[in-house]
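*Asks:* Turn this into a model:
(chains A and B)
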Amino acid sequence: MDGWLRVADAIDRISRFFGLVAAAAVLAVTVIASLDAIVSYFIAPLDRFDQVLRDWGLGIGWALDWYRGHANSVNDLLLVLFAVMVMIGAPWTLKVNEHVRVDLLYTNVGERTRIWIDLLGGFVFLLPICVIMIWFTWPWFVDSWISGEMGNNAGGLPRWPSKLMLPVGFALVALQGVSEIIKCVAALRVGYVRPHAYVKPVQ
Amino acid sequence: MIDFVTDNMAPLMFGGLILFMLIGFPAAFSLSAVGLFFGFIAIELGLIAPVYLGNLTFQINSVLTNDLLLAIPLFTFMGAILEKSGLAEDLLEGFGQLFGTVRGGLSYAVVLVGAVLGAITGTVAASVIAIGLISLPIMLRYGYNVRHATGVVAASGTITQLIPPALVLVVLADQLGVPVGDMYLGAIGPSLVQVALFMLWVFILTIVRPSYLPALPPEARTLRGWALIWKCVRGMVPSLILIFLVLGTILLGIATPTKAGALGVTGAILLAVFNGRLNWAQVWDGMKSTMRLTAMVVFILLGARVFSLIFQGVGGGHWLEELLSGLPGGVVGFLIFVNIFVFFLAFFLDFFEIAFIVVPLLAPVAESLGINLVWFGVLLGANMQTSFMHPPFGFALFYLRGIAPPEIRSADIYWGAVPWLFLQLILVGLLIAFPEMSTYWLDAATDVDLDTIQIEVPQAGGGGGLTAPPSFDLSAPPSITP
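*Replies:* You can find the predicted model right below:
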């Protein structure tokens, strides 16, 4: 069982790494969306400001020009970061047991029953779903990648990065699901204590 | 047997949903599982074509490319930062000092601060925790009734759910397919009425139970004159700026809810840094919890999309529409049924689960009955507000338990919430009886154009429209000065 638990631990670490990336995406979205809002509203005053700066050799005109041509890229980038946050962050959320449950029964049964729920749920619900989803979404990404599909709006980014997030995210969730299943088996067989008790997520 | 299943696929699927959810496995995965499970049965029975499942990818992709949903992390992040920014402290100290010496003054202050915080942020946690931490100890020290004190704090925290820019309204607008701006306009009236109801209740208590909420002794008032004014200004000015950054930019059409949320976060961070209350560890903490909440919420939505795709495919929409539009009492019967249904559902379903699973099923029925969807959404928002207030899972009570001093019993927190729960239900009733409460602001926004057109026509002919405004202008100022 120790060998299996080491596997689970390794998976947890992979999820943790991607979780950190997803958390970083939160700040990235904040900064980029704020700048987007400010620049798009104040573009005329910024142009005048640019005239002043240019005298000092610090023109920001190139950045403003880039923004004018690529405003849709910024929007697409935000959506990619959103996909990163959700799909890459989901496995870590699963690890810390924060996917919300209907806890009418779950909180009123013993720990052993809960382990069985998580074990069977992992096998019957989580893993098959992830496999089906990967099966559906992977060809979609491949099509998008090969055809070089672009966003609907002029000056947008290619579509494949956000489409790639879908199969990758479901694969990572499936991987974390395996880790959780190992922990459930270990809990049933050798009395392993699962580290994250279920607490209803706060909003 | 097979015929029975084929004929009753939609009701069976609905039953399956309840069964699968009750098991207690994370809802996001149970939802997808019930969808795909019945999807494969439906394909076997020839109810839907196998290619129909190909729509799954489109459904899932449409969730991840939805601009509006990006508001979820931003509003959550803003709440997390605001909680640490010290704004609630400044507001409460100012208002508390201002009203403290009036009977029930601290309660008025708490309701007001709840409303102001609600107009800044879109999530409940920040308000309840901040208000509770500061005002509960003071209220108890000066002899406020325990149940009243905990109740008013929890209730004032949940005002956030209804006052724009509530995240609840954004999510409901998305699910109902109405513009967020309209949803916000529609919620202005009801949230004002709610604040008024809360104030009125405090006022009634000061008359019938004066011992519950005594006036503070004069020596408790440490700030006077300019110091007091400065304290209030320090709370209100940043609040008004933040309200403008988020709500103002949305209502004026300058920014989308997503960008407004981002501006709000930036403003909250600047404020917190300016107050010297923010360090990197707290920001990082906020980022991590925001990420987890976002992943959790959007995964529910992904699961709900899988479920509803199949459910619609097997004719679930028609089934529900026939079932619900046949209710006695027509529109009002439908609304009352829906509200009671949602009220009880909220005892064991999360707000987001209701919004993503139940609302899409109800929306087409409401639309076919000719119900204004903005009003319907605001009504549901007001209704679901109660789910934060009732035992056993009400989040507001949950947070309050987390921060209340240990000598306050959980029973007190639960019982304290009851009168406020009734006030919120009264609001729901009022909203059903008087839709104008919600639609007035919507109509006002559109009527302005109609009026100006109608006025401009006579102006071109005789100028009769000019006489009215001056008389208005002359009468107004004198009535204000004395």
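*Asks:* Work out for me the element A:Leu104 sits within.
*Replies:* Assigned by DSSP states H and E, A:Leu104 belongs to helix A:103-106.
*Asks:* outside of the helix or strand just after that helix, which residues touch it?
*Replies:* Downstream of helix A:103-106, the next assigned helix or strand under DSSP H and E is helix A:111-121. Under the contact criterion CB atoms under 8 Å, 6 or more residues apart in numbering or on different chains, helix A:111-121 has outside partners A:106, A:109, A:180-181, A:184-185, A:187-188, A:194, A:198, B:23-26, B:29-30. All C-beta spots, glycine's among them, are computed from the backbone N, C-alpha and C.
*Asks:* anything in the helix or strand following helix A:111-121 sitting right up against chain B?
*Replies:* For helix A:111-121, the following helix or strand on the C-terminal side (DSSP H and E) is helix A:127-147. Yes. Judged by CB under 8 Å from any CB of the partner chain, helix A:127-147 comes into contact with chain B at A:Pro128, A:Ile129, A:Ile132, A:Met133, A:Phe136, A:Thr137, A:Trp140.
*Asks:* Would you point out the most distant pair within those?
*Replies:* Across the residues of helix A:127-147 next to chain B, the longest distance by CB to CB is 19.2 Å; it joins A:Pro128 and A:Trp140.
*Asks:* neighbour count winner among these two?
*Replies:* A:Trp140 (22 against 16; other CB atoms under 10 Å in any protein chain shown).
*Asks:* Just give me how far the helix ranked longest in chain A sits from the chain centre.
*Replies:* In chain A, assigned by DSSP state H, the helix with the most residues is helix A:2-41. Offset of helix A:2-41 from its chain centre (CA atoms, centre = their mean, to the nearest Å): 7 Å.
*Asks:* pLDDT averaged over that helix - what is it?
*Replies:* Average pLDDT, helix A:2-41: 93.
*Asks:* before we move on, what about stretch B:378-397?
*Replies:* On average, stretch B:378-397 scores 81.
*Asks:* contacting residues for A:Ser40?
*Replies:* Counted by CB under 8 Å, 6+ apart, A:Ser40 has contacts A:Tyr67, A:Ala71.
*Asks:* What about residue 178, how many residues nearby?
*Replies:* Going with chain A. If you count neighbours by other CB under 10 Å, A:Val178 ends up with 17.
*Asks:* The intended chain is chain B.
*Replies:* Neighbour number of B:Val178 under other CB under 10 Å is 19.
*Asks:* gap between A:Lys183 and chain B?
*Replies:* According to CB to the nearest CB, to the nearest Å, A:Lys183 stands 15 Å off from chain B.
*Asks:* which strands and helices sit next to the strand or helix carrying that residue?
*Replies:* Element membership of A:Lys183 [criterion: DSSP H and E] is helix A:160-190. The contact analysis (3 or more CB pairs under 8 Å, 6 or more residues apart in numbering or on different chains; DSSP states H and E) places helix A:160-190 against helix A:2-41, helix A:61-83, helix A:89-95, helix A:111-121, helix A:127-147, helix B:55-64.
*Asks:* could you point out which element follows the last one?
*Replies:* Going down the chain from helix B:55-64, the next helix or strand is helix B:71-84, by DSSP H and E.
*Asks:* measure the residue lying closest to A:Phe125 once chain neighbours are set aside to B:Thr222 for me?
*Replies:* Closest residue to A:Phe125 apart from its sequence neighbours, by CB to CB, 6 or more residues apart in numbering or on different chains: B:Ala33 at 4.1 Å. Per CB to CB, to the nearest Å, B:Ala33 is found 60 Å from B:Thr222.
*Asks:* Please say which of these two ends up with more neighbours.
*Replies:* Legend: neighbour count by other CB under 10 Å for B:Ala33 and B:Thr222, higher for B:Ala33 (24 against 11).
*Asks:* how about the lowest-mean-pLDDT helix or strand in chain A as PDB, C-alpha atoms only?
*Replies:* When the helices and strands of chain A are scored by mean pLDDT, DSSP states H and E, helix A:103-106 comes last with a mean of 79. Extracted in PDB, the C-alpha atoms of helix A:103-106 (Å, rounded to 0.1, in the frame of the first residue of the first chain):
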ATOM      1  CA  ASP A 103     -24.600  16.900   1.900                       C
ATOM      2  CA  LEU A 104     -28.000  15.900   3.200                       C
ATOM      3  CA  LEU A 105     -26.900  12.300   3.600                       C
ATOM      4  CA  TYR A 106     -23.200  12.700   3.300                       C
END
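*Asks:* So which bits of that helix are buried?
*Replies:* A:Asp103, A:Leu105, A:Tyr106 (16 or more other CB atoms under 10 Å in any protein chain shown).
*Asks:* Out of those residues, which is nearest to B:Val298?
*Replies:* For the buried residues of helix A:103-106, the nearest to B:Val298 is A:Asp103 (20.2 Å; CB to CB).
*Asks:* Surely that closest one touches A:Ala197?
*Replies:* No. Applying CB atoms under 8 Å, one finds A:Asp103 not in contact with A:Ala197, separated by 11.7 Å.
*Asks:* any idea how far the residue of chain A most remote from its centre lies from B:Phe77?
*Replies:* Ranked by distance from the centre of chain A (CA atoms, centre = their mean), the top residue is A:Asp55, with 44.1 Å. Per CB to CB, A:Asp55 is found 39 Å from B:Phe77.
*Asks:* Can you point out the helix or strand that includes the residue in the stretch 151-300 of chain B that chain A sits nearest to?
*Replies:* Across the stretch 151-300 of chain B, the shortest distance to chain A (CB to the nearest CB) belongs to B:Ala262, at 3.3 Å. B:Ala262 belongs to helix B:257-274 when assigned by DSSP H and E.
*Asks:* where in the stretch 51-200 of chain B is pLDDT low?
*Replies:* Confidence mapping of the stretch 51-200 of chain B against pLDDT under 70 gives the ranges B:125-126.
*Asks:* Break down it into its helices, ranges please.
*Replies:* Along the stretch 51-200 of chain B, the stretches classed as helices by DSSP state H, counting those that start in this stretch are B:55-64, B:71-84, B:87-99, B:105-120, B:124-141, B:146-158, B:167-176, B:180-208.
*Asks:* Next, count neighbours for the nearest residue to the residue of the stretch 151-300 of chain B closest to chain A once chain neighbours are set aside.
*Replies:* Closest residue to B:Ala262 apart from its sequence neighbours, by CB to CB, 6+ apart: A:Ala33 at 3.3 Å. Other residues near A:Ala33 number 28, with proximity taken as other CB under 10 Å.
*Asks:* ditto for the one 10 residues further on
*Replies:* The tally of other residues near A:Ile43 (other CB under 10 Å) stands at 13.
*Asks:* Identify the residue nearest it in space, chain neighbours excluded?
*Replies:* Closest to A:Ile43 by CB to CB, 6+ apart is A:Leu64, at 6.6 Å.
*Asks:* again, but for B:Phe99
*Replies:* In space, B:Phe99 is closest to B:Gly105, 3.5 Å off (CB to CB, 6+ apart).
*Asks:* could you list every residue that touches the one you found?
*Replies:* B:Gly96, B:Leu98, B:Phe99, B:Ala215, B:Leu216.
*Asks:* rerun at 7 Å
*Replies:* For B:Gly105, the contacting residues are B:Phe99, B:Ala215, B:Leu216, by CB atoms under 7 Å, 6 or more residues apart in numbering or on different chains.
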